[in-house]
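*Asks:* quick one, fold the following:
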Amino acid sequence: MNNLTYVSDWKPELCIQLETGNNHRADFNRFLVKGFPTTKKLQMGDSFENANREGFILQLHSRFIEALEEGASHVTLHSYFCGTSQYLRWCDNQEVEAFNQ
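*Replies:* Predicted structure coming up:
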């Protein structure tokens, strides 16, 4: 089975512009493929390996939206996004399934 996917269908609704000092973005599209490529690379439509974690990532994105609507700190949410990206990169490098029990 071929795990490569073409990500020319980058979804802007999965990218949240945060109001931080550096105008960070939380691009959940990056979590859907292995290796955490940049937004720019994803938008170019290169091929990437599907990480098979879409359900979890969509839930996480939904929680971020809820937190924003409830007035959560954008800086704190950016910190959570960065921590999650580090965890997912570690999982991908170790070839370990993310978000398991």
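
*Asks:* show me where the protein has strands.
*Replies:* Read by DSSP state E, the chain holds these strands, from start to end of the chain: 4-6, 15-17, 25-27, 47-49.

*Asks:* in contact with residue 89, which residues?
*Replies:* The neighbours of residue 89, taking C-beta atoms under 8 Å, 6 or more residues apart in numbering as the test, are 35, 36. Any C-beta I mention is one placed from the backbone N, CA and C, and that applies to glycine too.

*Asks:* quick one: it from residue 37, how far?
*Replies:* When distances are taken as C-beta to C-beta, to the nearest Å, residue 89 and residue 37 turn out to be 11 Å apart.

*Asks:* hang on, the earlier thing: format the strands of the chain as CSV; extra columns: mean pLDDT and distance to residue 99.
*Replies:* Rendered in CSV, the data for these read as follows (pLDDT from 0 to 100; distance: least, C-beta to C-beta, whole Å):
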stretch, mean pLDDT, distance to residue 99
strand 4-6, 50, 19
strand 15-17, 96, 20
strand 25-27, 96, 17
strand 47-49, 87, 17
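
*Asks:* how about the helices in the protein?
*Replies:* In the chain, the segments counted as helices under DSSP state H are 39-44, 54-69, 74-94.

*Asks:* any regions of this structure where pLDDT drops low?
*Replies:* 1-8, 101 (pLDDT under 70).

*Asks:* related to what we said a few turns ago, residue 23: which of the helices of the chain is closest?
*Replies:* The minimum distance between residue 23 and the helices of the chain falls on helix 74-94, with 9.8 Å, by C-beta to C-beta.
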